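# sharing a model prediction with you, sequence too.
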Amino acid sequence: MQDMRRAAMSGNQLDARKAKAARNAFERGLDNLAAFGSAAHNIGGFVNNSNVQVSAGTGAAWSTSNPLVQLADLNKLVADAIIGSGETITFDTVLLPLRQYLLASQTFLDTQNPRTVLESFQAANPFVTLVAPWNVLDGAGVGAKDRLVCYSRSEEVCGLVIPQEFEVLAPQPKGFAFRMFGFGRTAGSVIFRPVGVRYMDLLATA
């Protein structure tokens, strides 16, 4: 009853807000499932695929290292990916843990260089058209290290299988409130060509 009164006084539709909350919860669950999969349901993950090669980085934590170390790790990740594929795949995307992304996007190489680490990396690798943060990468690597991912955003390389998009049903009244039901289906992440994806693990940022 109180929920219905609050909705009426605020001018918002209660069912619309609950539907949005249900969708947000589904999307968060889908994001985690896409990243790590589910062994219980035989669903694979995108950031922990055992068929994907893991590049060795400098081994230094970015928070305490020279910005050139950050740049070296990024360049090596892409170079290893290209060489490992025999130059048969265009690697256009790099995903970073949130903290490393913020460091690379906000740290200048030096006082004389107007470019950040991220800007310098993209200038040297123009084929990488997207560098983005993904919080699930924090501690996703071997030994709970932070994981970087370089891959090709091609349906021939990888994809997230969603046979049924999320759908919210009509609100169901129960007493003086409404219950919202929704459903969706996914088969998780599939990496068709592991050579089109590359990982690198770093020490966690303090």
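Happy to help now that I have it.

# so Arg198 sits in a strand?
Yes: Arg198 forms part of a strand when assessed by DSSP: H, G, I helix; E, B strand; the rest coil.

# and for it, the neighbour number?
Residues near Arg198, counting by other CB atoms under 10 Å, number 27. No exception for glycine: its C-beta is placed from N, CA and C like everyone else's.

# measure the nearest residue to it once chain neighbours are set aside to Val94 for me?
Using CB to CB, 6 or more residues apart in numbering and skipping residues adjacent in sequence, the residue nearest Arg198 is Ala81, 3.8 Å away. Distance, Ala81 to Val94, using CB to CB, to the nearest Å: 9 Å.

# how about the helices in this structure?
2-10, 14-36, 67-84, 98-106, 117-124 (DSSP state H).

# mean confidence score for the fourth one?
To tie it back to what came earlier, the one meant is helix 98-106. The average pLDDT within helix 98-106 is 94.

# before we move on, back to that, residues shared between the contacts of Ala81 and Val94?
Listed as contacting both Ala81 and Val94 by CB atoms under 8 Å, 6 or more residues apart in numbering are Cys150.

# picking that back up, and the helices of the chain, which one averages the lowest pLDDT?
helix 2-10 (a mean of 43).

# which ones are touching Ala60?
Applying CB under 8 Å, 6+ apart, the residues near Ala60 are 69, 202-203.

# got JSON lines for those residues, with distance to Val136 too?
Below are those laid out as JSON lines (distance: CB to CB, whole Å):
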{"residue": "Val69", "distance to Val136": "24"}
{"residue": "Leu202", "distance to Val136": "15"}
{"residue": "Leu203", "distance to Val136": "18"}
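
# select from these the one having the most neighbours.
Busiest of the contacts of Ala60 [other CB under 10 Å] is Leu202, holding 24 neighbours.

# relative to Ala123, how far out is Ser63?
In terms of CB to CB, Ser63 sits 23 Å off from Ala123.

# er, Ala79 I mean
For Ala79 relative to Ala123 (CB to CB), the value is 15 Å.

# same question for Phe192.
From Phe192 to Ala123 the distance is 31 Å (CB to CB).

# between these two, which one's more packed in?
It is Phe192, of Phe192 and Ala123, that has more neighbours when counted by other CB under 10 Å, with 12 against 9.

# measure the more buried one to Ile89 for me?
Phe192 is 12 Å from Ile89, by CB to CB.
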